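Undergrad: sequence first, then the predicted structure:
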Amino acid sequence: MKKLSVTRDRKGERGSILALSALGMLSVLLAVGLGVDISHFYLAKTELQNAADASALAAASAINSNPSGVVEGTTRAVTAMNSYEFNNTNITFPRSNVLWAVNLGGPYMSEADASTAAVAPNIRFVKVTTPDSPVGVSFAAMVLGSSKNLSASATAGLSVPLNTFCNFIPLSVLIDNDTTKLIPGTVYTIRANTGGSPSPGNYQILAVAGRGGVDVGFGIGAGVDACAKVGEEYSVDTKPGVTAGKVRTGINSRFDDYGGSQLDPNQEPPDTNVKENITWDDYSKYLGCGRSGAISCNSQYVKAPDHKGVDMRRVVLIPLVKVSEYDQGRDVVKFFRFGAFFLRTKAGSGNGGDIQAEYIEDRIAVGEGGYDPTAAAGDPLLAAPVLYK
């Protein structure tokens, strides 16, 4: 009897293992699907964050202490954001998602509020927030729903004052001593003619890009492929000779004039505005004009190049050197400071003639550079666009 009872109990348990196995497999599949969807969310979030970071940096690169920098920065942010794949899902990125601030902690304000003449000179930071982007749920829809909205934000702005400078041009501006102050809007000689040179054989040309004339031309047209610090520890050879032809082709390439030059407009593009005999104030007011969302152009101050241009190519970093450093012929000089200068005109033909540029005192984003805490103090007017958070 006991044997029959045991047999009946076992018959009653038939199929329970199959049910448990099916339930277990369903749980495993749900867990795997949930993992796949969560991984997809992480990837989508990373893509959105990359878009926000790139957009914020693009906006910060336009800061120029002028209302046009806020307007152009907003335009750059929108352009950068729309270049990312998520925008292909019919999500629009409005200009209202780009906010500006004087301080990193805010308050952040709209483009309209930040681009006033009273506020724009103090703007230093920009915050970009992506619109909600729906990400489809593939396997765990019963738990998470059919889609989840994701977004990202990034804040960029001007860096601390730079004391390491890259892509400067191999010419120099002469100063009398360490305390010499340059005057904003004043035009300074960056390569003297034979009658105004600081010493026999020297014409303010630096051999940092190389000792040949071709090196000088490429260095002026593209910027020196090197970085330098200010102070006693950094010195560079001067290059004797006027080198008029290569200096001219280097400078003029920034004005879309490549005559007699080996520079490539695709590699060393001109500025977006090649109008000569305008001031930095004229130029900065119309930065980015003609683009969607930007201010309108004024032919009195703006002329577009024939080749595709890049903003701020007429703004160059130039080392400041004491006039007493120069000696006859090839010499060694030290960099005491750097300054941002605006090229008002092309270089004229012939072997003589001063090459001049206007000193800029506005705090602007100058591109590449860095800060070394062991080096000399940085210049509060020179900064690079950096990502803060």
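TA: Here it is on my side, so go on.

Undergrad: so how many other residues sit close to residue 356?
TA: 18 (other CB atoms under 10 Å). For the C-beta atoms, the positions are set from N, CA and C on the backbone; glycine is no exception.

Undergrad: show me the shaky parts of the protein.
TA: Applying pLDDT under 70 to the chain picks out residues 1-38, 40-41, 85-91, 135-147, 210-211, 232-233, 292-294, 352, 367.

Undergrad: how is it carved up into domains?
TA: The chain breaks down by automatic domain parsing into domains covering 10-158, 164-387.

Undergrad: just the strands in the stretch 201-350 of the chain please.
TA: Secondary structure of the stretch 201-350 of the chain by DSSP state E, counting those that start in this stretch: the strands cover 202-206, 227-229, 235-240, 315-322, 332-334, 337-342.

Undergrad: how about those, which one is nearest residue 219?
TA: Distance to residue 219, taken as CB to CB, is lowest for strand 202-206 among the strands of the stretch 201-350 of the chain, at 8.2 Å.

Undergrad: quick revisit: would you turn the strands of the stretch 201-350 of the chain into CSV with mean neighbour count and distance to residue 252?
TA: Compiled in CSV, those are given as follows (neighbours: other CB atoms under 10 Å; distance: least, CB to CB, whole Å):
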stretch, mean neighbour count, distance to residue 252
strand 202-206, 25, 16
strand 227-229, 18, 25
strand 235-240, 20, 19
strand 315-322, 22, 13
strand 332-334, 17, 26
strand 337-342, 23, 15
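
Undergrad: tell me the spacing between residue 282 and residue 289.
TA: Residue 282 sits 11 Å away from residue 289, taking CB to CB, to the nearest Å as the criterion.

Undergrad: re the thing from before, the strands of the stretch 201-350 of the chain: which one's closest to residue 299?
TA: strand 337-342 (19.5 Å).

Undergrad: could you give the angle of the closest one to strand 315-322?
TA: Counting by axes from the mean of the first three to the mean of the last three CA atoms, to 10 degrees, strand 337-342 points 140 degrees away from the direction of strand 315-322.

Undergrad: so what's residue 65 closest to, chain neighbours aside?
TA: Excluding the flanking residues, the one nearest residue 65 by CB to CB, 6 or more residues apart in numbering is residue 362, at 3.7 Å.

Undergrad: ok, that neighbour - contacts?
TA: 64-66, 121, 184, 280, 284, 381 (CB atoms under 8 Å, 6 or more residues apart in numbering).

Undergrad: considering those residues, which possesses the most neighbours?
TA: residue 64 (27 neighbours).

Undergrad: could I get the phi/psi values of that one?
TA: When read as degrees, to the nearest 10, the backbone of residue 64 gives phi -140, psi 20.

Undergrad: that one touches residue 364, doesn't it?
TA: Yes: Residue 64 lies in contact with residue 364 (CB atoms under 8 Å); the separation is 4.8 Å.

Undergrad: just the terminal-to-terminal distance for stretch 358-368.
TA: 21 Å (CA to CA, to the nearest Å).

Undergrad: could you check how far that stretch is from the centre of its chain?
TA: Distance of stretch 358-368 from the chain centroid (CA atoms, centre = their mean, to the nearest Å) equals 13 Å.

Undergrad: what's the burial count for the residue nearest to residue 129 when sequence neighbours are not counted?
TA: Nearest non-adjacent residue to residue 129, counting by CB to CB, 6+ apart: residue 153, 4.2 Å away. Per other CB under 10 Å, the neighbour tally for residue 153 reads 17.

Undergrad: look up phi and psi at residue 153.
TA: Torsion angles, degrees, to the nearest 10, at residue 153: phi -140, psi 160.

Undergrad: dump the residue contacts of it.
TA: Residue 153 sits in contact with 52, 127-130, where contact means CB under 8 Å, 6+ apart.

Undergrad: and the residue lying closest to residue 308 once chain neighbours are set aside, how far from residue 235?
TA: Distance criterion CB to CB, 6+ apart; nearest residue to residue 308, sequence neighbours excluded, is residue 269 at 6.1 Å. Separation of residue 269 from residue 235 (CB to CB): 32 Å.

Undergrad: and if you look at residue 299?
TA: 46 Å.
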